[in-house]
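Q: model the following, please.
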Amino acid sequence: MVNPPLRGIVSYPVTPFDTATGGVDLAALARLTEDLVAAGSHAVAPLGSTGEAAYLREVEWDAVCETTVQTVAKRVPTLVGVSHWSTEGAVRRARVAARNGATAIMVLPQVYWKLTDTELERHYAAVAAATDLPMMLYNNPGTSGVDLLPKTVAALARRIPNLTMVKESSGDVARFRAIRELSDGALSVYNGNNPVALEAFRSGAVGWCTASPCLVPQWALALYDAATGGDDERADAVLAELLPFLRFIVGEGLPRAVKAGLRLQGRGAGDPRMPLLPLPDRETGRLREMLGHLARHPLVDGTAADSTP
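A: Down below sits the predicted model:
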């Protein structure tokens, strides 16, 4: 697309839970959302896998959607994940997102039974038809167990007009260019696999969907600025420092790792919801070291890094 509704650093907040009650901590969510906007995120995307959307009751999901979108208050675009096991559930969530003023919606094929091509198309078409918002298809085979190949994605987009964006999280960098070519440039492609962020930008991704700004926003923004500004040397240097952290948070599970990091920074968001458990002590120690290193290490252009946790 010539003017996609989203570009740049699309920041994914965790969903904070109150340690005492186990319920959603909306005040902490509002603070985290405000931090992401203030840090310079180009968009905010609640209720993805980072936000533990699959573990929320519907009333909680609605509250997280409303709180995040209202806190952002249209200062930057909002992308709301509306995935659900059922088409009916995803349609309902899409309409809630639209009523709250979301900029766009994102749909992962969250399935139990393996879906046929016809069933996938009917699911996406029904969710897309529920609102007039642009829709992002989210391909994350590691989470969903469904791998939507570029030719499948392009075919879906030809039949669903407001399917205009793709978040590609397989880690296969060749898909960014393939999706653009197979769709004749109609689809905007976004990277959802943190460790390949720089390769993705160099392969035509217009945005990076990432939870890393919850903890190190300036590093994510520095990588984006260098990559899109054509400063290859600086981009390589920023990635070299950031890559161990990106690999760690993905490898340990984003809700566990990000919530542990927020606690280390004095910005607690509670524990993940069961069956997820908090990050173990040993791994938390490794995360403390990485965050400390990034906080002490000046960004490549001399800009001060994030605060020491």
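
Q: Leu276 against Glu52, yeah?
A: Yes: when contacts are counted by Cβ atoms under 8 Å, Leu276 is listed as touching Glu52 (7.3 Å). Using the backbone N, CA and C atoms, a C-beta is placed for each residue, glycine as well.

Q: what about the two, which has more around it?
A: Glu52 (22 against 14; other Cβ atoms under 10 Å).

Q: that one touches Tyr12, doesn't it?
A: No: using Cβ under 8 Å, Glu52 makes no contact with Tyr12, being 11.0 Å away.

Q: picking that back up, common neighbours of Leu276 and Glu52, please.
A: Pro255 (Cβ atoms under 8 Å, 6 or more residues apart in numbering).

Q: which residues sit against stretch 197-206?
A: The list of residues contacting stretch 197-206 from outside it, by Cβ under 8 Å, 6+ apart, reads 4, 6-8, 168, 173-174, 176-177, 180, 188-191, 193, 208, 210, 223-224, 227-228, 235-236, 239, 246.

Q: now with 7 Å?
A: Identification of contacts with stretch 197-206 by Cβ atoms under 7 Å, 6 or more residues apart in numbering yields 4, 7, 173, 176-177, 180, 188-191, 208, 223, 227-228, 235, 239.

Q: distance between the ends of it?
A: One end of stretch 197-206 to the other measures 11 Å (Cα to Cα, to the nearest Å).

Q: show me where the stretch 1-150 of the chain has its strands.
A: With DSSP state E, counting those that start in this stretch, the ranges of strands along the stretch 1-150 of the chain come out as 8-11, 43-44, 79-81, 104-107, 135-139.

Q: which one of those strands has the most crowded surroundings?
A: strand 79-81 (a mean of 30; mean count of other Cβ atoms under 10 Å).

Q: what pairs with that one, parallel or antiparallel?
A: Sheet pairing of strand 79-81 (DSSP bridges) gives strand 104-107 (parallel).

Q: figure out how far the strand it pairs with is from the centre of its chain.
A: Counting by Cα atoms, centre = their mean, to the nearest Å, strand 104-107 is centred 11 Å from the centre of its parent chain.

Q: contacts for it?
A: Strand 104-107 is contacted by residues 5-6, 45, 48, 77, 79-83, 90, 94, 97, 124, 127, 131, 133-138, 167 when judged by Cβ under 7 Å, 6+ apart.

Q: ok, now stretch 151-164?
A: Residues outside stretch 151-164 that contact it (Cβ under 7 Å, 6+ apart): 1, 121, 124-125, 128, 132-135, 137, 139, 166, 179, 182-183, 186-188.

Q: for PyMOL, what selects the buried ones among those residues?
A: Buried subset of those, written as a PyMOL selection, criterion 16 or more other Cβ atoms under 10 Å:
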select buried, resi 1+121+124+125+128+133+134+135+137+139+166+179+182+183+186+187+188
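
Q: which element is Trp208 on?
A: strand 207-210 (DSSP states H and E).

Q: restricting to C-alpha, output that strand in PDB.
A: Taking Å, rounded to 0.1, in the frame of the first residue of the first chain, the C-alpha atoms of strand 207-210 are listed here in PDB:
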ATOM      1  CA  GLY A 207       6.800  -1.900  10.500                       C
ATOM      2  CA  TRP A 208       8.100  -4.000  13.400                       C
ATOM      3  CA  CYS A 209       5.400  -5.500  15.800                       C
ATOM      4  CA  THR A 210       7.300  -5.900  19.100                       C
END
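
Q: who does it touch, helix- and strand-wise?
A: Applying 3 or more Cβ pairs under 7 Å, 6 or more residues apart in numbering; DSSP states H and E, we find strand 207-210 packed against strand 8-11, strand 188-191.
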